[in-house]
Each structure stands twice: as structure tokens, then as C-alpha cells.
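**Student:** Okay, here's the prediction I keep looking at, along with the sequence it came from:
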Amino acid sequence: DAYLSKPFAPEELVAIVDNVIQRNGALGDVAAEMTTNNKKNAVNVDDLKRDLEEIKDLLLYKGGGGVGNGWVQQTNVFLSKDERQVLELLSQGLMTKEIASATHLSTRRIEQLLTQMFRKTGVKNRTELVRWAVTTGNIE
């Protein structure tokens, strides 16, 4: 039921997961009715609760979400469509000319986009930019 726009605070996502877990206790009757009416599409509330608890655990402690010891850090840096595309190609090891060719942009425009991303993210070179992108979840 919840809508969460990016970027979001990881705590917001955890709160939504908690809310879903709590509400699903009330869904027990609905699940029982669905099981009676249609075994193939039955919802097992206990399985759903377990899955949501596992997701919450991953977000808080094992990675993702930027809280606890998670892998992904929250960021308030917004990248344009062109910047994200250049960043993705850069992370694949492409050079400026190769990125320009792949995006149909000039090499000068690629350099401008990289400089803008350096300023936005506070990094000094391409390697740091890719590292930033990985730690913030902008690329995998």
C-alpha cells in the first residue's frame, strides 16, 4: 500500500516493513478464506511474515538500506538521466570516447557530465566516482 520515492531514508522502508508485518496479523482470516476458496492462490500469512522479517534483517544488518551494517549508504545526490547513463558505462570500464559513442553524445559533453558528478558527489576522480556509485546503490 505504501509508495516510497527515491531517495528515501532507510528508516522509512523499515517502518513500512514493520507496518506490513503488524497488519498481516489481521489478514489471517482473509488468508484462511482464500485457502478454502482457492488453494492454488492461497496466502500463508506466517510465510509472508517470515519473508518480511528476513527482508528487514537484510536491510538493517546484512546489507542494503544504509542502516546498521548495511552495504548501501543513503545519499541526497540526484543524478540526471545522462549522468546515470554515463556512470553506468563508466562502471563497465569504458573510456570517454567509448561512452560518447555509446550515448551519441560528444566527448566534451561526457567530460562535462563527469565533472558535474565529481562536484555533486564530492569525489576527485573516476575511480572514486565508481566507488561512490557502488556504495550508494547507483550501480551494482
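**Tutor:** It's in.
**Student:** make it CA atoms for all contacts and neighbour counts henceforth
**Tutor:** Noted.
**Student:** And residue 81, how far from residue 103?
**Tutor:** 11 Å (CA to CA, to the nearest Å).
**Student:** which one of the two has more residues nearby?
**Tutor:** residue 103 (15 against 9; other CA atoms under 10 Å).
**Student:** if I look at that one, how far off is residue 94?
**Tutor:** Taken as CA to CA, the span from residue 103 to residue 94 is 12 Å.
**Student:** With residue 115 instead?
**Tutor:** Distance from residue 115 to residue 94, by CA to CA: 16 Å.
**Student:** Tell me which residues touch residue 91, please.
**Tutor:** 130, 139 (CA atoms under 8 Å, 6 or more residues apart in numbering).
**Student:** Distance of it relative to residue 131?
**Tutor:** From residue 91 to residue 131 the distance is 9 Å (CA to CA).
**Student:** So for residue 6, what's the pLDDT?
**Tutor:** Confidence at residue 6, expressed as pLDDT, is 62.
**Student:** Only the buried residues of the helix or strand containing residue 82, if you could.
**Tutor:** Assessed by DSSP states H and E, residue 82 sits inside helix 81-91. By neighbour count with 16 or more other CA atoms under 10 Å, helix 81-91 contains the buried residues 83-84, 86-91.
**Student:** so can I have CSV of these showing distance to residue 110 and pLDDT?
**Tutor:** CSV is the format used below for these (distance: CA to CA, whole Å; pLDDT from 0 to 100):
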residue, distance to residue 110, pLDDT
83, 9, 93
84, 11, 91
86, 7, 96
87, 10, 94
88, 12, 92
89, 11, 95
90, 10, 94
91, 14, 91
